[in-house]
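Undergrad: Sequence first, then the predicted structure, then my questions.
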Amino acid sequence: MNLLLMIIGALIAAFAVAFVVVKYLPLKLRWIPSVILLVLAVFLGIKIYDGILEPIKFNKDKVGKFSVVIDNLKIIRDAEIKYYEVNAQYTTDKAGLINFINNAKLAITETKTIVVQVNKGGGVIIDEEKRVTDTIGYEPVLKYFKGINFENMFKVPGVEGAEFEIEVGSVEKVPGLVVPTFRARTPKKGILAGMNESLVKQELEAVENDQIKGDYVSVGSLDEVTTGGNWPPAYDKKDGAKKDE
């Protein structure tokens, strides 16, 4: 919008200068407005060029900023999932979750089918298959976080002194079945601080499927049973590339 107004203003100024030149300016002084128009054209060209490139640069920079934030949200999500496997609930205790990763163990289970004899009454005994699950050992949770900087997972990268908000709740998935939920998030505005205010405003109002919708970058939900994030698949592609290497 600002670029359009600038172009319109420049055109009006050019016409005004041309009118003054033709109407009032002596022939020997007409080189002056020519220089003015040349300077104006160069200035306008630079502004148009910047106006085109600025959104491109903004999009590139925001993806870089969001990517490192999402990396930390994925670590938090994985930590909460492992915590849930052991405790059947999620947690908002940040220090406790880090301690859990460092010290807790996960049960290694084995499920197999066995045949048992069942007395059906009247002297009738039949064989029935039954699935049983046994614990055959334990493994440290830390095994799943090797090479990952989980100690700093709650810090928002690029935002001085900021930490992710962590909340837990529950959702009645079906009548009588209440399922724990969690959500970790941080405001997009803080991540994009110092960038073009007009483009930041557009980003906060994003609704397209290839963008991070809304005011926050988040993972999980308090309103539905999910451990997914609100970012588009493009932010997960580099993870797939790493696994293929």
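TA: Perfect, I can see it now.

Undergrad: top helix in this protein by residue count?
TA: helix 31-87 (DSSP state H).

Undergrad: what are the bridge partners for Val132, then?
TA: Beta bridges link Val132 to Lys112, judged by DSSP bridges.

Undergrad: That one and Thr111, how far apart?
TA: For Val132, the distance to Thr111 equals 7 Å [C-beta to C-beta, to the nearest Å]. No exception for glycine: its C-beta is placed from N, CA and C like everyone else's.

Undergrad: just to revisit the earlier point, now the following helix or strand past the longest helix of the chain against helix 31-87, angle please.
TA: Tracing the chain past helix 31-87, the next element assigned as helix or strand by DSSP states H and E is helix 94-103. In terms of direction (axes from the mean of the first three to the mean of the last three C-alpha atoms, to 10 degrees), helix 94-103 departs from helix 31-87 by 60 degrees.

Undergrad: list the helices and strands helix 94-103 packs on?
TA: helix 31-87 (3 or more C-beta pairs under 8 Å, 6 or more residues apart in numbering; DSSP states H and E).

Undergrad: just checking, what packs against the longest helix of the chain?
TA: Against helix 31-87 (3+ C-beta pairs under 8 Å, 6+ apart) you get helix 2-23, helix 94-103, strand 105-121, strand 177-187, helix 188-191, helix 197-204, strand 216-220.

Undergrad: Next, the buried residues of the second one.
TA: I take that to be helix 94-103. Residues of helix 94-103 classed as buried by neighbour count (16 or more other C-beta atoms under 10 Å): 97-98, 100-101.

Undergrad: how about the CA coordinates for that helix, as PDB?
TA: What follows is helix 94-103 as a C-alpha-only set of coordinates in PDB (Å, rounded to 0.1, in the frame of the first residue of the first chain):
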ATOM      1  CA  LYS A  94      10.000 -27.600  33.400                       C
ATOM      2  CA  ALA A  95      12.800 -28.500  35.800                       C
ATOM      3  CA  GLY A  96      11.000 -31.800  36.600                       C
ATOM      4  CA  LEU A  97      10.800 -32.700  32.900                       C
ATOM      5  CA  ILE A  98      14.500 -32.100  32.400                       C
ATOM      6  CA  ASN A  99      15.200 -34.200  35.400                       C
ATOM      7  CA  PHE A 100      12.900 -36.900  34.000                       C
ATOM      8  CA  ILE A 101      14.900 -37.100  30.800                       C
ATOM      9  CA  ASN A 102      18.200 -37.400  32.700                       C
ATOM     10  CA  ASN A 103      17.100 -40.000  35.200                       C
END
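
Undergrad: Name the surrounding residues that touch it.
TA: Here helix 94-103 makes contact (C-beta atoms under 8 Å, 6 or more residues apart in numbering) with 76, 79-80, 82-83, 86, 91, 141-142, 145, 150-151, 153-154, 163, 166.

Undergrad: for the longest helix of the chain, the distance to its chain's centre please.
TA: 15 Å (C-alpha atoms, centre = their mean, to the nearest Å).
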